[in-house]
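[1] Return atomic coordinates for the entry below.
(2 chains)
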Amino acid sequence: MYPVKILLVDDEIPFVKTLTKRLSRRELNIITAFSGQEALAQLKKDPDIEIIVLDIKMPGMNGLRTLEEIKRDYPLVEVIILTGHSTVDSAIRGMRLGAFDYLVKPCDIDQLISRMQEATEKKRRLDEKWPD
Amino acid sequence: MAADKHYKSLMKSMFLIGVVVPLIPMVLVSGIILYQSRVSYKKEIRAHLEEVIQKSTEHIDRFLEDKLADISMMADTFNFQQLTDEFFLVEMLNRLQKHYGHVFSDLEVIDDEGVRVAYAGPHKSENPRHLKTDWYREAMSTGYVISHMPSGLADIPFIIIAVRKNKMEKDWVLRTGIDRDVFSRVVKETVTGRGGSAFIIDRDGQYQVGSIHHIDHGERSLMDFLGITEGARDIFMVQRTDGSGHKNIYVTGFLKGGDWALVYYQRASEAFSGLIKTEMIALTVILIVGLLIVANTLSLSKKMLRRIQQADKEKQKRSEQMFQTGKLASIGELAAGIAHEINNPVAIMVEEAGWIDDLLEEEEFQESKNLGEFRRALRQIRTQGERCKEITHKLLSFARKTDSRIETIRLNELIEDMVTISAKRARFSGIIINMEIKKDLPPIEVSPTELQQVLLNLINNALDAMEKKGGILSISARLEEDHVVIEVSDDGVGIPEDNISQIFDPFFTTKPVGKGTGLGLSICYGIIKKLGGEISVRSVIDKGSTFCIRLPLKGSGKNNVEEASRILNSQQ
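    As a prediction, the model looks like this:
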């Protein structure tokens, strides 16, 4: 089960661009944001976003705060954390804030896609339980 | 050295404060008490002396009046004819001397011309004329007289007592003389037992009787020296230094209607001996107490200084350790920063390689004879990217170790957190996680960050062991007396027997090169030992491994900086 739309959030522009190209090649629908604020703005205007891939260490609003806001306003959107800054502490905090999973860069693309699929399954299940 | 100087001045001020603070009130209080007691004691002595003098003057006055009364009675009892009979007069003198001892030295009857009519006594041969003497004239005019001889010669009576009587319009006088030695004794008697001496002077400062040694009044007149003023009647006391340099007190009282002054004098040291004794005792006590305070303060300050020096040394040692730990902490922070900074570019490199790999799928490249080499190179880039990730991961766990603060935590939550983090990876590899955690586990005192690291390490190892064919990961926690026992079991490949003994050694690893650094289990071992617990392993090849951690409920107390830095150092 593939998500309708995926939002990639990371301040590393080349990373986002390449990953977008690779995922798009696998026929996934990707939009991007380069900061937490931008991600929230995208989320606001695009209700099709089902999955968000979120970096933690970003200038300005960091990933955990962004996650907090996302989960508050859009609790049904699933968030996968993908970060180079891997500490047990930030992983625990991310999971507690409701992230679907916590992945560390560099991450195998197949692993990432399979996590996205699992997340989509979970989201759809919840959508049925809580139709709007 | 500057430090020595500092300690010396510290010692000095501690000593001074320690001595001055108790001494000032002590000196003040005892000074006030001493002063007050001195004042009241002197007052008392003065009052006592004045009373003695009062009594003495009264006594001497009464003695003289008694003698006057005796003579007066004699003159009244017997008539002129009887008394002018010399045998009778001698008889009278004998009787008086029999009664009173040698108080009366002679008896004489004098007519109104001042001529001796009859005489009994030792100076019979003389035939003095009394008409012009002061005492005779006074006796004739006032009726009686108690007077002294103007010239104090030893062989004539000292005091003259005379009464005037009348016989057929002709006055006559009965006179007697009081013996000098007897009177002198009377004066002495009044002050016996007091230790001082007494003498009598007249209004002109002429010495009369008594002992007057040691009075060297120098240039000043005796009256001035004694402070006797014209018309003084009341008893008073002065303190003077005599010629030999001694301080004396002089108490003066007046007798015979102010004609004579009785002076009692005594060494001041003698008069105030009681006071001086008391003061000496008090001063000795104060001195001893003062010395005790000084000695005590000295030993206390020395002790205190030693403590301070010791504390300073310890503080210095501690701050050195803190510095060491701080250094390690900042190395940790640096490591964390580097890890992040490296992971991001590595991720981009790996993604770019992945993108190339994606593009190789395009038909045009399928023909290339180097396609296999391209793919191999790209795979190598991915593998090395993973290796970088592994290394940065270790760097991060090293960074985390600096946070070894002990907290009281609930084990259930901590284990659940760790399982949550690993759950997705487990599912990806087809591994089921089975938890058997007792709900009623008491809170334990550990460093949560460190225990998280240990558990994550063990869980990751277990997942690695089952990665290829899946399996069941069991995590259990239970209470055994005052220990919590946590077990992490897998049914994976197991550990060869030869490796078990080395499994906790640093840098020992069985993973392929680039997969593990061999630090994971040694770090776990160090952490668990530091928390006062034990970690052990049992394993059977192809059946799986079980890691067992035993932790005390209470912190081991080993969690001091020294221990932490020792472990950190050993793992560097």
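
[2] SS state for B:Asp491?
    Judged by DSSP: H, G, I helix; E, B strand; the rest coil, the three-state class of B:Asp491 is coil.

[3] Okay, it and A:Ile56: tell me how far apart.
    34 Å (Cβ to Cβ, to the nearest Å). (Glycine included, C-beta is placed from N, CA and C.)

[4] which one in chain B is furthest away from the centre?
    B:Glu367 (100.9 Å; Cα atoms, centre = their mean).

[5] Quick check: pLDDT value at that one.
    Confidence at B:Glu367, expressed as pLDDT, is 81.

[6] Could you pull up phi and psi at it?
    phi -80, psi -20 (degrees, to the nearest 10).

[7] same question, the one 10 residues further on
    Comment: the main-chain dihedrals of B:Ala377 come out as phi -60, psi -40, following degrees, to the nearest 10.

[8] and the residue nearest to B:Leu174 when sequence neighbours are not counted, helix, strand or coil?
    Computed as Cβ to Cβ, 6 or more residues apart in numbering or on different chains, the closest residue to B:Leu174 that is not its neighbour in sequence is B:Ala75, at 4.4 Å. At B:Ala75 the chain is in helix, as set by three-state DSSP.

[9] correct me, but B:Ala75 touches B:Arg175?
    No - applying Cβ atoms under 8 Å, one finds B:Ala75 not in contact with B:Arg175, separated by 10.0 Å.

[10] Quick check on these two: which one has the bigger neighbour count.
    B:Arg175 (23 against 20; other Cβ atoms under 10 Å in any protein chain shown).

[11] pretty sure that one is in a strand, no?
    Yes - assessed with three-state DSSP, B:Arg175 lies in a strand.

[12] And the helix or strand encompassing B:Leu93, what's buried?
    Element membership for B:Leu93, per DSSP states H and E: helix B:86-100. By 16 or more other Cβ atoms under 10 Å in any protein chain shown, the buried positions in helix B:86-100 come out as B:Phe88, B:Leu89, B:Val90, B:Met92, B:Leu93, B:Leu96.

[13] Check stretch B:430-439 too.
    So, applying 16+ other Cβ under 10 Å, buried residues of stretch B:430-439: B:Ile431, B:Ile433.

[14] now do stretch B:417-425
    Result for stretch B:417-425 [16+ other Cβ under 10 Å]: buried residues B:Asp417, B:Met418, B:Val419, B:Thr420, B:Ile421, B:Ser422, B:Lys424, B:Arg425.

[15] Reformat the residues you listed into JSON lines and put pLDDT next to each item.
    Formatted as JSON lines, the buried residues of stretch B:417-425 follow (pLDDT from 0 to 100):
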{"residue": "B:Asp417", "pLDDT": "84"}
{"residue": "B:Met418", "pLDDT": "85"}
{"residue": "B:Val419", "pLDDT": "87"}
{"residue": "B:Thr420", "pLDDT": "83"}
{"residue": "B:Ile421", "pLDDT": "81"}
{"residue": "B:Ser422", "pLDDT": "83"}
{"residue": "B:Lys424", "pLDDT": "77"}
{"residue": "B:Arg425", "pLDDT": "79"}
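
[16] What about chain A: which of those touch it?
    By Cβ under 8 Å from any Cβ of the partner chain, the members of the buried residues of stretch B:417-425 lying near chain A are B:Asp417, B:Thr420, B:Ile421, B:Lys424.

[17] Contact partners for the third one?
    Contacts for B:Ile421 were tallied using Cβ atoms under 8 Å, 6 or more residues apart in numbering or on different chains; they are A:Val88, A:Ala91, A:Ile92, A:Met95, A:Tyr102, B:Leu456.

[18] And the furthest pair within these?
    A:Met95 and B:Leu456 (12.5 Å; Cβ to Cβ).

[19] And the contacts of the helix or strand of chain A with the lowest mean pLDDT?
    Lowest mean confidence among the helices and strands of chain A (mean pLDDT, DSSP states H and E): helix A:88-96, at a mean of 83. Identification of contacts with helix A:88-96 by Cβ under 8 Å, 6+ apart yields A:56, A:63-64, A:67, A:81, A:83, A:102, B:400, B:417, B:420-421, B:449, B:452-453, B:456.

[20] quick one, phi/psi of B:Ile432?
    The phi/psi pair for B:Ile432 (degrees, to the nearest 10) is phi -100, psi 130.
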